[in-house]
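Q: missing the sequence, but the structure's below:
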Ligand code: 4AD
Ligand code: MG
């Protein structure tokens with residue numbers, strides 16, 4: 001008999017008919033006469049209850065129905081009174097597809113997240129990780145749908161690259177060289193001429209630079225792929241391998257860019273509320289009681305739009321009033337996550353899009369502002385048209401900018417920052433051959449999933465996290 005998914009079985013109302021379900025046992029309880037088995041197949045957070053009359057089954061079969069075991073059950077669909085669902089199954093036939101050894105690591109309820117990270121290969125079998133992974137899938141679909149419907153082309157940028165987009169030197173090298181026998185040049189540097197690509201290459205930290213080539217030909221593109229950063233940040237917000245979404249659009253200015261960022265995030269949040277109801281309700285109950293409220297709050301509110309200089313002034317006023325921060329925040333400093341969270345969670349109590357950052361704390365490709373900001377009549381330094389979207393609980397969820405489209409200004413920046421020109425010729429060609437105003441942003445997919453699920457640690461919203469000193473599974 002054909003198996004149906006538990007999500008479908010739970011919706012059926014033709015009680016009295018026969019169905020077959022397959023899945024993994026979550027729990028089994030019962031008396032001498034009757035057993036109740038909660039079965040889950042991943043199609044929904046909900047379990048279906050199987051009622052098994054002990055006399056119908058051999059002791060050998062019943063003995064193997066333990067938490068984690070996989071089984072197939074054929075029986076009669078009946079209206080449920082006790083299980084909390086509409087339907088349950090009165091079992092006629094149970095086949096054990098896979099027995100489960102007694103040391104199954106997801107045996108007990110209420111294990112710590114740290115314990116589950118150590119058993120990440122089996123944590124997908126828990127309610128929480130099932131919910132998070134289904135939401136991850138749904139958000140991927142939301143992202144592709146949004147861009148497809150808005151006329152963006154899904155554009156595939158390379159994972160292996162020779163250029164450091166962010167210029168932060170956080171790249172993982174890609175090489176086939178024998179590390180035990182490295183040939184050096186006369187100046188002591190490594191000779192890459194006999195390496196696989198004939199030069200030094202790394203895993204990409206961003207698809208933006210190639211994305212700009214796409215946008216200045218196709219008009220609007222987006223990337224959605226893995227991104228790698230060898231930054232030694234052991235925080236609940238950083239991964240060494242994460243997924244990034246990077247739209248890049250021709251003919252937009254700073255305001256258009258901020259509109260796009262806000263509209264896109266709201267669309268994703270709305271999609272989650274519309275399509276992931278059961279999983280969100282579970283997470284709201286078990287992980288974060290304020291989750292659904294917070295998600296609804298985001299779609300109903302206008303994001304605050306604030307310049308960096310205004311942000312600094314608010315923070316300095318707070319310090320004057322006695323608010324303590326661990327890190328300094330004078331004009332020119334990069335904002336720490338405590339500063340971002342103060343603005344978002346305490347001061348405005350809503351998402352903030354911050355713009356016009358000091359040039360020296362941002363990447364080389366950002367468009368330089370015409371005006372230099374002043375505080376109390378005193379001129380600060382040059383700023384750039386970067387836009388970071390700051391979110392409650394998360395901090396920076398998006399980093400983007402209008403790009404410097406002027407060839408001379410861009411070359412100037414590259415030289416000032418000592419970025420090797422020979423690696424940049426192809427990028428600079430966009431500014432020589434029909435340059436145009438354009439911009440885009442990068443959304444960290446896992447940071448979005450953190451926000452949508454209410455989970456606290458970025459290691460728990462990706463199936464197999466990669467972080468410093470950890471590449472298990
Ligand atoms: O702000 P970032 O570094 O910006 C860029 O890479 C630009 N090239 C994007 C663009 O304009 N096309 O990174 C963008 C976003 C961050 O806002 C954050 O959400 C996420 O990527 N991100 C990380 N997420 C997880 N782990 C890390 N180590 C991350 N680093 C950045
Ligand atoms: Mg950033």
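A: Yep, it's here. As the structure is a computational prediction, the values presented were derived from the model and not from experiment. Numbers count the residues shown, from 1 in each chain. Ligands and ions are numbered 1, 2, ... in the order given.

Q: got the residues of this protein near ligand 1?
A: 165-166, 206, 208, 229, 231, 238-239, 242, 244, 246, 396-401, 440-442, 444, 446-447 (Cβ under 6 Å from any ligand atom). C-beta coordinates here come from the backbone N, C-alpha and C atoms, glycine included.

Q: Just the ones in helices from those, please.
A: 208, 446-447 (DSSP state H).

Q: Out of these, grab the one that's most surrounded.
A: residue 208 (26 neighbours; other Cβ atoms under 10 Å).

Q: Distance check, it against residue 245.
A: In this view, residue 208 and residue 245 are 11 Å apart by Cβ to Cβ, to the nearest Å.

Q: again with residue 313
A: 32 Å.

Q: what do you get for residue 472?
A: 26 Å.

Q: So between these two, which is more surrounded?
A: residue 245 (25 against 11).

Q: show me the contacts for that one.
A: By Cβ atoms under 8 Å, 6 or more residues apart in numbering, residue 245 lies in contact with 143, 222-224, 442-443, 445.

Q: Nearest to ligand 1 among the residues you listed?
A: residue 442 (2.7 Å; Cβ to the nearest ligand atom).

Q: Tell me how many other residues surround the closest one.
A: 24.

Q: what's residue 342 in contact with, if anything?
A: So residue 342 contacts 315, 318, 323, 325 (Cβ under 8 Å, 6+ apart).

Q: Grab the nearest non-local neighbour of the second one.
A: Leaving aside its sequence neighbours, residue 318 sits nearest to residue 342 (Cβ to Cβ, 6 or more residues apart in numbering; 6.6 Å).

Q: any idea of the pLDDT on that neighbour?
A: Here, the pLDDT recorded for residue 342 equals 96.

Q: returning to that earlier point: return every residue with contacts to both of residue 208 and residue 245.
A: With Cβ under 8 Å, 6+ apart as the test, residue 208 and residue 245 both reach residue 442.

Q: for the stretch 51-200 of the chain, what spans make up the strands?
A: 70-79, 87-98, 153-154, 160-161, 173-174 (DSSP state E, counting those that start in this stretch).

Q: Make a markdown table out of the ones you listed and add mean neighbour count.
A: What follows is these, written out as a markdown table (neighbours: other Cβ atoms under 10 Å):
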| stretch | mean neighbour count |
| --- | --- |
| strand 70-79 | 18 |
| strand 87-98 | 17 |
| strand 153-154 | 14 |
| strand 160-161 | 16 |
| strand 173-174 | 16 |
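
Q: Take those and write them to TSV, including mean pLDDT and distance to residue 435.
A: Converted to TSV, these look like this (pLDDT from 0 to 100; distance: least, Cβ to Cβ, whole Å):
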stretch	mean pLDDT	distance to residue 435
strand 70-79	97	59
strand 87-98	97	60
strand 153-154	98	20
strand 160-161	96	22
strand 173-174	96	31
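
Q: Output those strands in TSV, with distance to residue 271 appended to each entry.
A: Below are those laid out as TSV (distance: least, Cβ to Cβ, whole Å):
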stretch	distance to residue 271
strand 70-79	32
strand 87-98	28
strand 153-154	17
strand 160-161	31
strand 173-174	35
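
Q: what's the closest of the ones you listed to residue 48?
A: Nearest to residue 48 among the strands of the stretch 51-200 of the chain is strand 87-98 (6.3 Å), distances taken as Cβ to Cβ.

Q: What is the closest one packed up against?
A: strand 18-30, strand 48-53, helix 59-64, strand 70-79 (3 or more Cβ pairs under 8 Å, 6 or more residues apart in numbering; DSSP states H and E).

Q: okay, these, which one's buried deepest?
A: When the helices and strands packed on strand 87-98 are scored by mean count of other Cβ atoms under 10 Å, the highest mean neighbour count falls to strand 48-53 (a mean of 21).

Q: ok, residues contacting that one?
A: 6, 9-10, 21, 23, 30, 33-40, 62, 65, 73, 75, 78, 80, 82-83, 85, 87-91, 94.

Q: between the contacts of residue 245, which is closest to residue 273?
A: The closest of those, once distances to residue 273 are taken by Cβ to Cβ, is residue 143, at 15.6 Å.

Q: partner residues bridging the closest residue to that closest one other than its chain neighbours?
A: Counting by Cβ to Cβ, 6+ apart, residue 245 is the residue found nearest to residue 143 once chain neighbours are left out, at 5.6 Å. Judged by DSSP bridges, the bridge partners of residue 245 are residue 224, residue 443.

Q: Distance of residue 245 relative to residue 414?
A: Counting by Cβ to Cβ - residue 245 and residue 414 are separated by 26 Å.

Q: circling back to that earlier point, switch the ones in helices among the residues of the chain next to ligand 1 over to TSV; also include pLDDT.
A: Shown next, in TSV, are those (pLDDT from 0 to 100):
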residue	pLDDT
208	98
446	98
447	98
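
Q: What is the nearest of the residues you listed to residue 120?
A: Closest to residue 120, out of all of these and judged by Cβ to Cβ, is residue 446, at 14.4 Å.

Q: The closest one reaches residue 460, doesn't it?
A: No. Applying Cβ atoms under 8 Å, one finds residue 446 not in contact with residue 460, separated by 9.5 Å.

Q: what ranges do the strands span in the stretch 351-473 of the chain?
A: Going by DSSP E, counting those that start in this stretch, the stretch 351-473 of the chain shows strands at 352-358, 374-375, 378-379, 383-391, 395-402, 438-444.

Q: Please convert these to CSV, extending it with mean pLDDT.
A: CSV is the format used below for these (pLDDT from 0 to 100):
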stretch, mean pLDDT
strand 352-358, 98
strand 374-375, 93
strand 378-379, 94
strand 383-391, 97
strand 395-402, 97
strand 438-444, 98
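
Q: any chance of these in CSV, with distance to residue 129 too?
A: Below are the strands of the stretch 351-473 of the chain laid out as CSV (distance: least, Cβ to Cβ, whole Å):
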stretch, distance to residue 129
strand 352-358, 31
strand 374-375, 48
strand 378-379, 53
strand 383-391, 23
strand 395-402, 22
strand 438-444, 20
